[in-house]
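K.L.:
Attaching a predicted model along with its sequence, questions to come.
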Amino acid sequence: MSEASPAKAYALHLGVIALLFVLSFLLPEYYHGLLARIMVLAVFAMGYNMLFGYVGLLSLGHAMLFAAGLYGAGLAVIQLGWSVPLAFLGGIACGAVLALVIGLLALRTTGVAFMIVTMMFAQVFYLLILYFAAWTGGDQGMVVPQPARVLSFGTTSLELTNPTVRYLTALGLFSIVLLVKLAMVRSRYGRVLVAIRENEERTKMLGYDTFSNKLAAVVISGTICAASGAAYALLFGYVGSSFASVQYSILPLLWVLLGGAATTLGPLIGTLFMYYVIDITSGYTSAYLLIVGIALILLVLFFPKGILGSIRQRWLGWLP
Amino acid sequence: MHFGPHLLLAALEGLVTSAVLALTALGLSLVFGVMRVVNVAHGEFFMLGAVLAWAITTAIGGHPALGFLAALVIAPLIVGAIALVAERLVLRRLNYNPEATIVATIGMLYIIQQLALTFYGPEARPVEPPFSYRILLPWFGYSGYKLSVIATSALLLIATWLVLTHTRIGLVMRATQYDSETAQAFGIPVGRVYGGVFALGAMLAAIAAVLIVPISQAHYLMGQDPLLLSFIVVIIGGLGSLRGTVVAAVLIGLSDGIISMFFSPTLAKIIATLLVAMVLVFRPQGLFGTASR
């Protein structure tokens, strides 16, 4: 991480956003839809990276934060009849509150115990969704009805089911989170988090309250993940318990490891790459979990820094 | 049926669960205790044991007892060999780094599960019990095989305890668990001990699975519940403590049996998982363990 190049870093990120914007008009229909989904999931990965990459806390329970946004927004629309923007904010609030509670409890533990505790809380959340099937639809999930997925400003209204609107909304969310994250990483607070990752005792000794800094990181991470979940429910119209299962706690870990932990663009690249690999291989085999498994093992064995992490180490030291 | 006999039936079912759980959790506990590795793929070794038991009994045919005994010997050996290869190829190269090994064993979990789905298929398949004697109690008849599972598991647990406390191998394992660097300095081949312990842990899970498969069928997703329950048992019992593991397994198995008979199994799981998470948060050394070094 270098001090000298804020302009370079911002130019790169704005360039990526501009490229994604142009792609909206160039891509064929299938990839257009896929990329919209990838951008929403990349937001999930960015939220995960916030905690895993910068603070060094490996959570195995982030599916519950994604699902909190997903169900918070989905239930608000389906059961309470809220409008889209309100439901989106409601979903984010659910994730933030859940993250605060989980953070207060789980941050009392460290290392392996932290992973197991987060995994268990996520499992409880998943089982609660199944248990309250009367409201949540259980393992069948729920479909957010098309007429409800409309953004209206006074007289004009935008239908989120329209592919272009959906793509641009996803891009909007992605861009906001990306730029906020870039600014945060470069800020004082971001540096304190990295200091905690590198040596918590020393950071404490320097006078920083590491617990509240970590708690804030958990809440920010949870808020971003919930925003991704809420956007997923509203844009793609499906709310299902599989998004709360252990697998959806593992996937963001995989995306971040692949793209590069503690890089701002890594989560996007990891998600994009993994989807692309699965898309290609699904032509030959349905065993996509096999690929996820092999990718995880190869990554921890040979590329623990991920794609962007390795590039940063070799060539581009200024990459944020 | 009246409440008393109903409770007895629930307790017996719970004891069968406890017996299998104690063996599975002991494997997980040994691996964590000696190697400090959280093996997320442990449930898949359990599943492999059950699937191999089906394959072996089907291949042998003849009297069910013949195939079952063969499975009881061969399936754990194959699973142990697979675990040993995985340990040599992956875990050792990661230097047993706790976080990297968790990610790697998650990878193993997906690979084993997907391979089982590809080669074994999505069906649940039964294995015939080696004998079908029913013990008649005054209120209901109970499967003699289930009682023999409890007895076999108790024998195996005692045997493991004897090996750990009264043999040279056990001494070497305990020395490695206590302080691997000093053990290395005294000429103990720590690397080989790690390989052996990882294989042994997987074999215990496989034996438990062969024992349970005549009662509940073999299925490629059957490793999930034992994994979670084993985690719960190991955490409540105190990591790396054999006595704690057995006590916790009986406690969890019995309460699971009784709660699931009278309440919803999902609710039972929610309460158990939440309680264990709280134990980890507020009493990380477990209910029976002493504070870790």
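P.N.:
Alright, I've got the coordinates.
K.L.:
Residue A:57 sits in which helix or strand?
P.N.:
Using DSSP states H and E, residue A:57 is not contained in any helix or strand.
K.L.:
Look up phi and psi at residue B:125.
P.N.:
phi -120, psi 140 (degrees, to the nearest 10).
K.L.:
Can you report how many residues lie near it?
P.N.:
17 (other Cβ atoms under 10 Å in any protein chain shown). C-betas here are computed from N, CA, C, even on glycine.
K.L.:
can you map out the strands along the chain?
P.N.:
Since no chain was named, I'll use chain A. A:142-143, A:150-153, A:156-159, A:238-239 (DSSP state E).
K.L.:
Let me rephrase: I mean chain B.
P.N.:
Counting by DSSP E, the strands of chain B are B:134-136, B:141-143.
K.L.:
What's the local residue count around residue 253?
P.N.:
Reading this off chain A. 24.
K.L.:
ah, no, chain B please
P.N.:
Using other Cβ under 10 Å as the criterion, residue B:253 is surrounded by 24 other residues.
K.L.:
Hmm, residue B:19 and it touching each other?
P.N.:
Yes. Between residue B:253 and residue B:19 there is a contact at 7.4 Å, judged by Cβ atoms under 8 Å.
K.L.:
Can you name the residues of chain A that neighbour chain B?
P.N.:
Contacts of chain A with chain B, taken as Cβ under 8 Å from any Cβ of the partner chain, map to A:58, A:60, A:105-106, A:108-109, A:111-113, A:115-117, A:120-121, A:123-124, A:127-128, A:130-131, A:250, A:253, A:257, A:287, A:289-290, A:292-297, A:299-301, A:304.
K.L.:
Return the subset of the residues you listed lying in helices.
P.N.:
Among the residues of chain A next to chain B, the members found in helices (DSSP state H) are A:105-106, A:111-113, A:115-117, A:120-121, A:123-124, A:127-128, A:130-131, A:250, A:253, A:257, A:289-290, A:292-297, A:299-301.
K.L.:
Out of the strands of chain B, which gets nearest to residue A:70?
P.N.:
Shortest distance between residue A:70 and the strands of chain B, using Cβ to Cβ, is found for strand B:141-143: 43.9 Å.
K.L.:
Enumerate the residues of the stretch 151-293 of chain B near chain A.
P.N.:
B:228, B:231, B:235, B:264, B:266-267, B:269-270, B:273-274, B:276-278, B:280-282, B:284.
K.L.:
Just the buried ones from the residues you listed, in PyMOL syntax?
P.N.:
Filtering those down to the buried ones (16 or more other Cβ atoms under 10 Å in any protein chain shown) takes a single PyMOL command:
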select buried, chain B and resi 228+231+235+266+269+270+273+274+276+277+280+281+284
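K.L.:
Neighbouring strands of the helix-or-strand element of chain A with minimal mean pLDDT in the sheet, and parallel or not?
P.N.:
The helix or strand of chain A with the poorest confidence is strand A:150-153; it has a mean of 73 (mean pLDDT, DSSP states H and E). According to DSSP bridges, strand A:150-153 has the following sheet partners: strand A:156-159 (antiparallel).
K.L.:
Now tell me what touches the strand it pairs with from outside.
P.N.:
Residues outside strand A:156-159 that contact it (Cβ atoms under 8 Å, 6 or more residues apart in numbering or on different chains) are A:149, A:150, A:151, A:152, A:165.
K.L.:
Show me which positions of it end up buried.
P.N.:
For strand A:156-159, by 16+ other Cβ under 10 Å, it's residue A:158.
K.L.:
Stretch A:274-290 now?
P.N.:
A:274, A:275, A:287, A:288, A:289, A:290.
K.L.:
Report the mean per-residue pLDDT for it.
P.N.:
Here stretch A:274-290 scores 76 as its mean pLDDT.
K.L.:
which non-adjacent residue is nearest the residue of the stretch 151-293 of chain B found nearest chain A?
P.N.:
Of the stretch 151-293 of chain B, the residue with the smallest distance to chain A, taken as Cβ to the nearest Cβ, is residue B:277 at 4.1 Å. Leaving aside its chain neighbours, residue B:277 sits nearest to residue A:120 (4.1 Å; criterion: Cβ to Cβ, 6 or more residues apart in numbering or on different chains).
K.L.:
show me where pLDDT drops low in the stretch 51-200 of chain B?
P.N.:
Counting by pLDDT under 70, the stretch 51-200 of chain B contains no low-confidence range.
K.L.:
follow-up on the earlier one: correct me, but the residue nearest to residue B:277 touches residue B:276?
P.N.:
Yes. If you go by Cβ under 8 Å, residue A:120 and residue B:276 touch, sitting 6.2 Å apart.
K.L.:
what do these two both touch?
P.N.:
Contact criterion Cβ under 8 Å, 6+ apart; residues shared by residue A:120 and residue B:276: residue B:231.
K.L.:
Which residue does the stretch 1-150 of chain A have closest to chain B?
P.N.:
With Cβ to the nearest Cβ, the shortest gap between the stretch 1-150 of chain A and chain B falls at residue A:120, namely 4.1 Å.
K.L.:
and that residue, how many neighbours?
P.N.:
27.
K.L.:
That one: what's it in contact with?
P.N.:
A:61, B:231, B:273, B:274, B:276, B:277, B:280.
K.L.:
Next step: those restricted to helices.
P.N.:
Short answer: the contacts of residue A:120 in helices (DSSP H) are B:231, B:273, B:274, B:276, B:277, B:280.
K.L.:
can you tell me how far the first one sits from residue A:223?
P.N.:
It stands for residue B:231. Note on residue B:231: its distance to residue A:223, by Cβ to Cβ, to the nearest Å, is 29 Å.
K.L.:
Which one, of the strands of chain B, ends up nearest to chain A?
P.N.:
strand B:141-143 (29.5 Å).
K.L.:
Pull up the pairing partners for the closest one, direction included.
P.N.:
Assessed with DSSP bridges, strand B:141-143 is paired to strand B:134-136 (antiparallel).
K.L.:
got the buried residues for the lengthiest helix in chain B?
P.N.:
As assigned by DSSP H, the longest helix anywhere in chain B is helix B:3-35. Neighbour-count burial for helix B:3-35, counted by 16+ other Cβ under 10 Å, picks out B:9-10, B:12-35.
K.L.:
Now that helix: average pLDDT?
P.N.:
For helix B:3-35, the per-residue pLDDT averages 88.
K.L.:
where does that helix sit relative to the chain's centre, distance-wise?
P.N.:
Chain-centre distance of helix B:3-35: 9 Å, with Cα atoms, centre = their mean, to the nearest Å.
K.L.:
returning to what we had before: for residue A:69, which of the strands of chain A is the nearest?
P.N.:
The nearest among the strands of chain A, by Cβ to Cβ, is strand A:238-239 at 10.2 Å.
K.L.:
List the strands paired with the closest one, with their directions.
P.N.:
With DSSP bridges as the test, strand A:238-239 pairs up with strand A:142-143 (antiparallel).
K.L.:
got a list of what the residue lying closest to residue B:117 once chain neighbours are set aside touches?
P.N.:
Excluding the flanking residues, the one nearest residue B:117 by Cβ to Cβ, 6+ apart is residue B:220, at 4.9 Å. Residue B:220 makes contact with B:47, B:51, B:113, B:116, B:117, B:120, B:121, B:122, according to Cβ under 8 Å, 6+ apart.
K.L.:
go again using 6 Å as the cut-off
P.N.:
Shown in contact with residue B:220 (Cβ atoms under 6 Å, 6 or more residues apart in numbering or on different chains): B:116, B:117, B:120.
K.L.:
just residue A:64 next, same as before
P.N.:
For residue A:64, the contacting residues are A:122, A:125, by Cβ under 6 Å, 6+ apart.
K.L.:
same thing but at 10 Å, please
P.N.:
A:71, A:95, A:98-99, A:102, A:118-119, A:121-126, A:128-129, A:222, A:225-226, A:229, A:243-244, A:248-249 (Cβ atoms under 10 Å, 6 or more residues apart in numbering or on different chains).
K.L.:
can you check residue A:309 too?
P.N.:
A:53, A:257, A:258, A:259, A:260, A:261, A:262, A:263, A:266, A:303, A:319.
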